[in-house]
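Participant: Give me a 3D structure for the following:
(chains A and B)
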Number of protein chains: 2
Amino acid sequence: MFTGLLAELEKNLKKLPGIGTKSAQRLAMYLIGMEKNSALELSESIRLAVENYQHCKHCNMLSEDEVCSFCSDTNRNDTHLCVVENTQDVYLIDNTHEFHGRYFVMGNLLSPLDGIGPNEINFPALLKLIKSNGIEELILALNPSAEGESTISYIAHQLEGLPVRITRLSTGLPFGGDIEYTNSLTLGNALKRRYSVSD
Amino acid sequence: MFTGLLAELEKNLKKLPGIGTKSAQRLAMYLIGMEKNSALELSESIRLAVENYQHCKHCNMLSEDEVCSFCSDTNRNDTHLCVVENTQDVYLIDNTHEFHGRYFVMGNLLSPLDGIGPNEINFPALLKLIKSNGIEELILALNPSAEGESTISYIAHQLEGLPVRITRLSTGLPFGGDIEYTNSLTLGNALKRRYSVSD
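Facilitator: Residues are numbered from 1 along each chain as shown, chains lettered A, B, ... in the order given. Here you go, the predicted model:
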């Protein structure tokens, strides 16, 4: 339906997650209709962010600097390392204020169906970090999905025998959740992992 | 939660309709994590579209050219004029292939609560077009909302006495709709405007 620059814009907007044809067309129309400087600021801030973000050389998260703000923060606990899938998860976990150690971003999780096997994940860098930094606890903060579970098992297996405590996020009912709408795997696991109300 | 260029990007993404804090953060992370050239193409296509689109000098729709493709198309019926709220509506209506006349984009509809009265809508340009182009039918293809209804009434009233047939889009149940979930105003109107099944 669109032609020229508008069709080009629609095509490029559709690269974003959750943006289909209809949303892309609506956004494209909105962009060319909105206050011109405001739209140009958006264009420019995409360019600036994309050109200036890089992977932190220690933890692999996306950062404006060669070493991210978490890795350069001297007040964090060096002996606790939290392994996450991506940069956004670092922010989400840090926002809970329950963890004050260091992070490591895996990037890929194991996913044989997508051709991601043990050689395609960032395990060597993780292993090097654990050995060189005297990590005492490794928290595998990955999703309880097929990919997350495989990766948790793989990492735990590879680290067997090393003097490091390996933990994962608790699984169970989410706060605000409803037993009626909880799948049976989650509910069974919540029963199995029930804990004393006085804990 | 974000800082620097990422916070700037989040702020700019939130200018888009339907993008709140969570979506903006998710998009921002996606943008800096995606293939660099692909993200830069998006940034560039926003800039190009925004800088090159302008209002068509005849119909007021946003166009890459001074005169839009609809107004410069000599195969369209000059005597039928379809009045819409915005540029996107032109495309949506044209996509039905049920209309082959010309378009006119109002931009604003009457909305006293937002301070948009008769002097803030594009009626003078519309009147000029009707008089100079010998329009026989004026189709007010505006939303059946408070603003649309006021604008339809206002335009119809202003044009009283001119030799032009003034029509509006039919109102009733949408195809695929369900009487059970239809509001009573729509249902009452659908009854009032019922038509013979042989029509």
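Participant: measure the residue most central in space within chain A to B:L169 for me?
Facilitator: Centroid-nearest residue in chain A, with Cα atoms, centre = their mean: A:N86, separated by 2.6 Å. Remark: distance between A:N86 and B:L169 (Cβ to Cβ, to the nearest Å) = 47 Å. Placement of C-beta: from N, CA and C, glycine included.
Participant: got the residue ranges for the helices in chain A?
Facilitator: A:4-13, A:21-33, A:36-52, A:87-94, A:123-133, A:146-158, A:184-192 (DSSP state H).
Participant: now those as JSON lines including mean neighbour count, mean pLDDT and distance to chain B?
Facilitator: Below are the helices of chain A laid out as JSON lines (neighbours: other Cβ atoms under 10 Å in any protein chain shown; pLDDT from 0 to 100; distance: least, Cβ to the nearest Cβ, whole Å):
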{"stretch": "helix A:4-13", "mean neighbour count": "20", "mean pLDDT": "94", "distance to chain B": "4"}
{"stretch": "helix A:21-33", "mean neighbour count": "19", "mean pLDDT": "93", "distance to chain B": "4"}
{"stretch": "helix A:36-52", "mean neighbour count": "18", "mean pLDDT": "95", "distance to chain B": "4"}
{"stretch": "helix A:87-94", "mean neighbour count": "19", "mean pLDDT": "91", "distance to chain B": "4"}
{"stretch": "helix A:123-133", "mean neighbour count": "15", "mean pLDDT": "92", "distance to chain B": "17"}
{"stretch": "helix A:146-158", "mean neighbour count": "17", "mean pLDDT": "94", "distance to chain B": "17"}
{"stretch": "helix A:184-192", "mean neighbour count": "12", "mean pLDDT": "87", "distance to chain B": "23"}
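Participant: isn't A:L159 right up against A:L129?
Facilitator: No. Using Cβ atoms under 8 Å as the test, A:L159 is too far from A:L129 to be in contact (11.8 Å).
Participant: Count the neighbours of A:E64 for me.
Facilitator: For A:E64, the count of nearby residues is 17 (other Cβ atoms under 10 Å in any protein chain shown).
Participant: Now do the phi/psi pair for it.
Facilitator: With angles defined as degrees, to the nearest 10, A:E64 sits at phi -70, psi -20.
Participant: That one reaches A:N52, doesn't it?
Facilitator: Yes. If you go by Cβ under 8 Å, A:E64 and A:N52 touch, sitting 5.6 Å apart.
Participant: what's the overlap in contacts for those two?
Facilitator: B:L5 (Cβ atoms under 8 Å, 6 or more residues apart in numbering or on different chains).
Participant: follow-up on the earlier one: who are the neighbours in contact with the closest residue in space to the residue nearest to the centre of chain A that isn't next to it in sequence?
Facilitator: Closest residue to A:N86 apart from its sequence neighbours, by Cβ to Cβ, 6 or more residues apart in numbering or on different chains: A:V105 at 6.2 Å. Applying Cβ under 8 Å, 6+ apart to A:V105 gives the contacts A:55-56, A:59-61, A:84-87, A:89-90, A:122.
Participant: A:A39 reaches B:N52, doesn't it?
Facilitator: No. Between A:A39 and B:N52 there is no contact under Cβ under 8 Å: 11.9 Å.
Participant: Next, the buried residues of stretch A:159-179.
Facilitator: A:159, A:164, A:166, A:168, A:172 (16 or more other Cβ atoms under 10 Å in any protein chain shown).
Participant: From those residues, pick the one nearest A:N12.
Facilitator: A:R168 (38.4 Å; Cβ to Cβ).
Participant: need the contact list for A:K11.
Facilitator: Contacts of A:K11 by Cβ under 8 Å, 6+ apart are A:24, B:45.
Participant: swap in the one 3 residues further on?
Facilitator: Shown in contact with A:K14 (Cβ under 8 Å, 6+ apart): A:20-21, A:24.
Participant: 10 Å - rerun?
Facilitator: A:20-21, A:23-25, A:27-28, B:42 (Cβ atoms under 10 Å, 6 or more residues apart in numbering or on different chains).
Participant: Spell out which residues make up each domain of chain A.
Facilitator: A:4-52, A:76-196 (automatic domain parsing).
Participant: Just give me the neighbour total for the closest residue to A:L129 other than its chain neighbours.
Facilitator: Excluding the flanking residues, the one nearest A:L129 by Cβ to Cβ, 6+ apart is A:F104, at 6.2 Å. If you count neighbours by other Cβ under 10 Å, A:F104 ends up with 25.
Participant: For A:F104, give the beta-bridge partners.
Facilitator: A:V83 (DSSP bridges).
Participant: Run through the residues that contact it.
Facilitator: Counted by Cβ under 10 Å, 6+ apart, A:F104 has contacts A:56, A:58-61, A:71, A:81-84, A:90, A:122, A:125-126, A:129-130, A:135, A:138-139, A:141.
Participant: same question, A:N77
Facilitator: By Cβ under 10 Å, 6+ apart, the neighbours of A:N77 are A:99-102, A:136-137.
Participant: make it 8 Å
Facilitator: A:N77 touches A:100-102, counting by Cβ under 8 Å, 6+ apart.
Participant: Mind listing residues that contact stretch A:122-140?
Facilitator: A:58, A:60, A:78-83, A:99, A:101-102, A:104-108, A:151-152, A:154-156, A:158-159, A:162-169.
Participant: now stretch A:182-194
Facilitator: Against stretch A:182-194 from outside (Cβ under 8 Å, 6+ apart): A:170-173, A:179.
Participant: try 6 Å
Facilitator: A:171-173 (Cβ atoms under 6 Å, 6 or more residues apart in numbering or on different chains).
Participant: Need the residues you listed in a markdown table (columns: pLDDT and distance to B:V197).
Facilitator: Shown next, in a markdown table, are the contacts of stretch A:182-194 (pLDDT from 0 to 100; distance: Cβ to Cβ, whole Å):
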| residue | pLDDT | distance to B:V197 |
| --- | --- | --- |
| A:T171 | 88 | 58 |
| A:G172 | 89 | 58 |
| A:L173 | 87 | 54 |
